[in-house]
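>>> Quick one, structure for this:
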Amino acid sequence: IDPAADVSAYLGFELRNPAYPDTPITVQMLLSHTSSIRDGGKPGSYNIPCGHPISEFFTEGREYYNPNCWASPAEAPGAFFAYCNMNYCLLGTIIEHVSGERFDQYMRNHIFAPMGLTCSFNVSDMPENVQAQVGTLYRKLNAAGEQDPVNGIWTAQCDDFSGGCPNEDYSNYVIGTNGSLFGPMGSLRISVNELCQIMLMFCNGGSYHGVQILKSETFDRMFTPVWTYDPARKNGDNYGGLMNCYGMGPHIFTNTDGGDRMVIGQDLPFAGHTAEAYGLIGGMGFDRSRGNGIVYFLAGNGSDMHKCAGKYSNFYCLEEALLTAAADFAQFDY
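Alright, predicted model coming up:
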């Protein structure tokens, strides 16, 4: 796969922003969230069910068409950053189309199994003892479905397997038509320990216990900045300062006060990714050169975190407390 190539050749259908019909959307644009594609609509609108091709999201008149799938004409492909889950659904589809393997199975066969990991993008594919350890995600909701720390009750949002783990039937799925099925944008079920192993692989140049998981040239290109926020041009939606620099996949932290500073008083040269979905908040940040890093998850939070702003960054206050405690415990010397 060529990062500079038109994704249409890898998807099997033409993908063009109607406002820029002569501008190819590239793999690099998808990876760096500069494609001009937008999720639009309500959360989860980018999950296209089995039996429907992902192209429906962009095709007027089809069942899963999203009329808000493109940015305004002022936000051209390759020039403007806006985080978009559909970018990674398309990348999952590309992996399938090129490899001939279903996305969840490709990740298992080429990433997780060679590392000895049991994590998966498909819960039904996990060993039974690992399925039993998958944590249910909760929010504290009131009768109106709003987060309410006082009157709300703990309500399962995702992975409630009290009735048994679902065994999805994908026998009729056509590989290469809909990579969103397995959630490339954030549906990996993984333990803190196994995520730490992936972090160590990144810190070791893409190698893990002598097995080269990523080619070195791929690894270096991933962490090279593709987009950087320019306050004068306002060339992206930087989430209030939380996202100021992005590579081909990794979020590169710039330690901007009031924005993406992970730990107060320290300029940690970290890259990684943050997480927020279904009541879970977390992230991973690491320094490839020294092998330092932090992995954190916060689940079962009863409050509306958007009302719990941080003091020195645009992270939530509980994230700041976790990150500061982790850095103090690790005694990072920067």
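>>> Could you list the low-pLDDT ranges of the protein?
Of all residues in the chain, those with pLDDT under 70 make up the ranges 41-44.
>>> make it 90
40-47, 145-150, 161-171, 215-220, 265, 277, 279, 299-308, 330-334 (pLDDT under 90).
>>> That one: strands as residue ranges?
Assigned strands in the chain, in chain order: 137-141, 153-158, 207-208, 211-212, 227-228, 245-246, 251-252, 271-277, 280-287, 292-298 (criterion: DSSP state E).
>>> Counting by contacts, list what the third one packs against.
In terms of contacts (3 or more C-beta pairs under 8 Å, 6 or more residues apart in numbering; DSSP states H and E), strand 207-208 is packed against helix 192-203. From N, CA and C alone the C-beta is placed, and that goes for glycine too.
>>> picking up where we left off before, any chance of the strands of the chain in TSV, plus mean neighbour count and distance to Thr118?
What follows is these, written out as TSV (neighbours: other C-beta atoms under 10 Å; distance: least, C-beta to C-beta, whole Å):
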stretch	mean neighbour count	distance to Thr118
strand 137-141	20	19
strand 153-158	14	19
strand 207-208	18	15
strand 211-212	12	16
strand 227-228	18	34
strand 245-246	22	30
strand 251-252	22	26
strand 271-277	17	19
strand 280-287	21	18
strand 292-298	20	17
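>>> Dump these into JSON lines; add distance to Asp2 as well.
As requested, these are arranged in JSON lines below (distance: least, C-beta to C-beta, whole Å):
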{"stretch": "strand 137-141", "distance to Asp2": "37"}
{"stretch": "strand 153-158", "distance to Asp2": "35"}
{"stretch": "strand 207-208", "distance to Asp2": "24"}
{"stretch": "strand 211-212", "distance to Asp2": "21"}
{"stretch": "strand 227-228", "distance to Asp2": "19"}
{"stretch": "strand 245-246", "distance to Asp2": "19"}
{"stretch": "strand 251-252", "distance to Asp2": "22"}
{"stretch": "strand 271-277", "distance to Asp2": "23"}
{"stretch": "strand 280-287", "distance to Asp2": "27"}
{"stretch": "strand 292-298", "distance to Asp2": "30"}
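>>> Relative to Pro24, tell me which of those wins on proximity.
strand 227-228 (17.3 Å; C-beta to C-beta).
>>> List the residues that contact the residue nearest to Glu14 when sequence neighbours are not counted.
In this structure, Glu14 finds its nearest non-sequential neighbour in Ser8, 4.6 Å apart by C-beta to C-beta, 6 or more residues apart in numbering. Going by C-beta atoms under 8 Å, 6 or more residues apart in numbering, Ser8 touches Glu14, Leu15, Arg16, Pro24, Ile25.
>>> The fourth one contacts Asp6, doesn't it?
Yes: between Pro24 and Asp6 a contact is recorded at 3.7 Å, counting by C-beta atoms under 8 Å.
>>> The nearest residue to Ala309 once chain neighbours are set aside - how many residues pack around it?
The spatial neighbour of Ala309 that comes closest, neighbours along the chain excluded (C-beta to C-beta, 6+ apart), is Cys317 at 6.5 Å. By other C-beta atoms under 10 Å, 15 other residues sit near Cys317.
>>> Go ahead and confirm Cys317 touches Lys311.
Yes: under the criterion of C-beta under 8 Å, Cys317 makes contact with Lys311 at 6.8 Å.
>>> before we move on, the earlier item: please convert the buried members of the contacts of Ser8 into ChimeraX selection syntax.
A single ChimeraX command selects the buried members of the contacts of Ser8 (16 or more other C-beta atoms under 10 Å):
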select :15,16,24,25
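>>> residues touching Asp237, list them.
Neighbours of Asp237 in contact, by C-beta under 8 Å, 6+ apart: Phe81, Ala82, Tyr83.
>>> how about a cut-off of 10 Å?
His33, Ala71, Glu75, Phe80, Phe81, Ala82, Tyr83, Cys84, Tyr229, Met243 (C-beta atoms under 10 Å, 6 or more residues apart in numbering).
>>> cool, and Met262?
Applying C-beta under 10 Å, 6+ apart, the residues near Met262 are 253, 255, 268, 270, 272, 274, 283, 285, 294, 312-313, 315, 319-320, 323-324, 326-327.
>>> The residue nearest to it when sequence neighbours are not counted - how many residues pack around it?
Using C-beta to C-beta, 6+ apart and skipping residues adjacent in sequence, the residue nearest Met262 is Leu323, 5.1 Å away. Neighbours of Leu323 under the rule other C-beta under 10 Å: 23.
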